[in-house]
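Participant: the following block contains a protein sequence and its predicted model.
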Amino acid sequence: SQQGEEDPQALSIQEGENATMNCSYKTSINNLQWYRQNSGRGLVHLILIRSNEREKHSGRLRVTLDTSKKSSSLLITASRAADTASYFCATDRGSSGSARQLTFGSGTQLTVLP
Amino acid sequence: ETGVTQTPRHLVMGMTNKKSLKCEQHLGHNAMYWYKQSAKKPLELMFVYNFKEQTENNSVPSRFSPECPNSSHLFLHLHTLQPEDSALYLCASSQEASSPGELFFGEGSRLTVL
């Protein structure tokens, strides 16, 4: 069954604005990851937040995790046209020493208008 | 360049053909994965290999046959496919010695079944 659900499905903003994408999941997790995919390309890892963390930053990215609500958000500040892509959250049930057990959501298509 | 190379990038085949997708990773990772990405659907995990051993098969039809001869190479053999199998097939790898870890994806093989 699908684990992660992103919201909204599509988001269109002006360059310079902030973009917020949300992810909800159903079962307990080891960590939650966000990935980006440009059209027709592979996914690129952006940021990982562990289940015992509440917030994490990386450059213009800010991720929050609320395990009590089983939800996460990805904030991209001062967006650029080059940020246009699909963004996916992925929940990881895997444990140390085992292969990853990532389940991906359907993604949010972000369009940043110049 | 993610260190994961997939060939071919594009493949068109008839339902009676036999073809193979190839994935090679140059990252020294121990785990490799096949994902299927169809339009408007979340990524579907197909197979997982950890140290060359298959650890997960997500009820994938037998017309898809994976092969992992070593930790650096992963194949997906295709035969008697259906038009609904048309999709982007993504290979990924990860390092299991450390946890948690992200997946490194290839650029994908776009498969069209006529």
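Facilitator: Looks like it arrived, so ask away. Residues are numbered from 1 along each chain as shown, chains lettered A, B, ... in the order given.
Participant: any idea how many residues pack against A:F104?
Facilitator: Burial of A:F104 is recorded as 24 neighbouring residues (other Cβ atoms under 10 Å in any protein chain shown). The way it works is simple: take the backbone N, C-alpha and C, and place the C-beta from them, glycine included.
Participant: one more: the one 5 residues further on?
Facilitator: Other residues lying near A:Q109 total 18 when counted by other Cβ under 10 Å.
Participant: partner residues bridging B:S20?
Facilitator: B:H77 (DSSP bridges).
Participant: what sits against it?
Facilitator: B:75-78 (Cβ atoms under 8 Å, 6 or more residues apart in numbering or on different chains).
Participant: what stretches of the chain score poorly on pLDDT?
Facilitator: I'll assume chain A. When residues are selected by pLDDT under 70, those of chain A lie in A:1-4, A:94-100.
Participant: chain B, not that one
Facilitator: For chain B, residues meeting the criterion pLDDT under 70 lie at B:97-100.
Participant: still on that earlier bit, out of the contacts of B:S20, which is most surrounded?
Facilitator: Neighbour counts for the contacts of B:S20 peak at B:L76, which has 23 neighbours (criterion: other Cβ under 10 Å).
Participant: do you know how far that one is from B:Q37?
Facilitator: Counting by Cβ to Cβ, to the nearest Å, the gap from B:L76 to B:Q37 is 13 Å.
Participant: pretty sure A:E53 sits against A:L65.
Facilitator: Yes. Using Cβ atoms under 8 Å, A:E53 and A:L65 qualify as a contacting pair, with a distance of 6.2 Å.
Participant: residues in contact with residue 67?
Facilitator: Since no chain was named, I'll use chain A. Counting by Cβ under 8 Å, 6+ apart, A:T67 makes contact with A:28-29, A:51.
Participant: oops, wrong one, chain B.
Facilitator: Under the criterion of Cβ under 8 Å, 6+ apart, the contact list for B:E67 reads B:74-77.
Participant: same question, B:A31
Facilitator: Each residue near B:A31 by Cβ under 8 Å, 6+ apart is listed here: A:99-100, B:48-51, B:93-96.
Participant: quick check, nearest of those to A:Q9?
Facilitator: Distances from A:Q9 to the contacts of B:A31, taken as Cβ to Cβ, are shortest for A:R100 (25.1 Å).
Participant: need the overlap of contacts for B:L76 and B:Q37.
Facilitator: Taking Cβ under 8 Å, 6+ apart as the contact criterion, the common neighbours of B:L76 and B:Q37 are B:Y89.
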